[in-house]
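S.K.: missing the sequence, but the structure's below:
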Ligand code: CO
């Protein structure tokens, strides 16, 4: 009788142990985590955009572990030299596996499904085939993926234009641009914006449409004043220097030389909650 009682006690004890190491965070018995995966930035002030993303995701998924990874090797190295270590997606996934998580939702915080996004898919796919560690990884779409996203993001961009902008003034959204085929999302976004407002233009630093494409349109439209806004998650190096900088090559300088009045808006898209909500909605469509 005594040993049976002891055995029962041990079994109950083991049951609780097993549950506490496995955790009970998910809706079922798996331990979920969210890996916020961004390009990264080395510009200190630009971090406010990432802070806002984290805050909004924590509000939307209060019971889920949330961690970060940066996809840019260059940015990670630069931060490391300043004593700040941020994991690559592979490092973060390995660590989450070691820490006992089962299912990781890798949220791509990129704008387009370009090369950075496809690299993340590749890494996650390899983790799915590992014999130990994580049971599953699911990569969640970047900001622009579906037709719905194009509608939602174009509406949001318009909502976020400063109130002072008049309808005969242009707003130029400066995107990064890519050599990847997914660059098509930039001229794609131009189409959605033009269906709503003729004076909204999309240009990119490294892809199409180019700065000259934008300049040509501005001249043809006889525009006097231009609002310059980053079409990037953070107002980082490109926004500060290539867009709004005082150097001879910045869009601001080049446009002023052409006689336009230029008003830069140094705010990354991820600083706006209505943009972050679109990423959150992507995740919600995969995770309950
Ligand atoms: Co760049």
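M.R.: Thanks, I have the structure now. If you're wondering where the values come from, they're calculated on a predicted model, not measured in any experiment.
S.K.: Which residues does stretch 115-133 contact?
M.R.: 37, 39, 71-72, 89-90, 93-94, 97-98, 104, 106, 108, 110, 134, 136-139, 142, 178-180, 182 (CB atoms under 8 Å, 6 or more residues apart in numbering). Just so you know, the C-beta spots here come from the backbone N, C-alpha and C atoms, and that holds for glycine as well.
S.K.: Mind checking which of these are buried?
M.R.: Among those, those classed as buried by 16 or more other CB atoms under 10 Å are 37, 39, 71-72, 89-90, 93-94, 97, 104, 106, 108, 110, 134, 137, 139, 142, 178, 180, 182.
S.K.: Just to be sure, which of the residues you listed are found in helices?
M.R.: Among the buried ones among the contacts of stretch 115-133, the ones falling in helices (DSSP state H) are 89-90, 93-94, 97.
S.K.: In strands only, show me the buried ones among the contacts of stretch 115-133.
M.R.: The strands, defined by DSSP state E, take in 37, 104, 106, 108, 137, 139 from these.
S.K.: Report the buried residues of whichever strand or helix holds residue 153.
M.R.: In this assignment (DSSP states H and E), residue 153 forms part of helix 147-159. Of all the residues in helix 147-159, those buried under the rule 16+ other CB under 10 Å are 149-150, 152-154, 156-157.
S.K.: ok, now stretch 157-169?
M.R.: Residues 157, 160-161, 165, 169 are the ones in stretch 157-169 that count as buried (16+ other CB under 10 Å).
S.K.: Tell me the one among those nearest to residue 62.
M.R.: Nearest to residue 62 among these, counting by CB to CB, is residue 160 at 26.2 Å.
S.K.: The closest one touches residue 272, doesn't it?
M.R.: Yes. If you go by CB atoms under 8 Å, residue 160 and residue 272 touch, sitting 5.1 Å apart.
S.K.: Could you point out which residue ranges in this structure have low pLDDT?
M.R.: Screening the chain residue by residue with the criterion pLDDT under 70, one finds the ranges 1-29.
S.K.: let's see 50
M.R.: Counting by pLDDT under 50, the low-confidence segments of the chain come to 1, 13-27.
S.K.: Break the chain into its domains for me.
M.R.: Taking automatic domain parsing as the criterion, the chain consists of the domains 29-144+272-287, 147-268.
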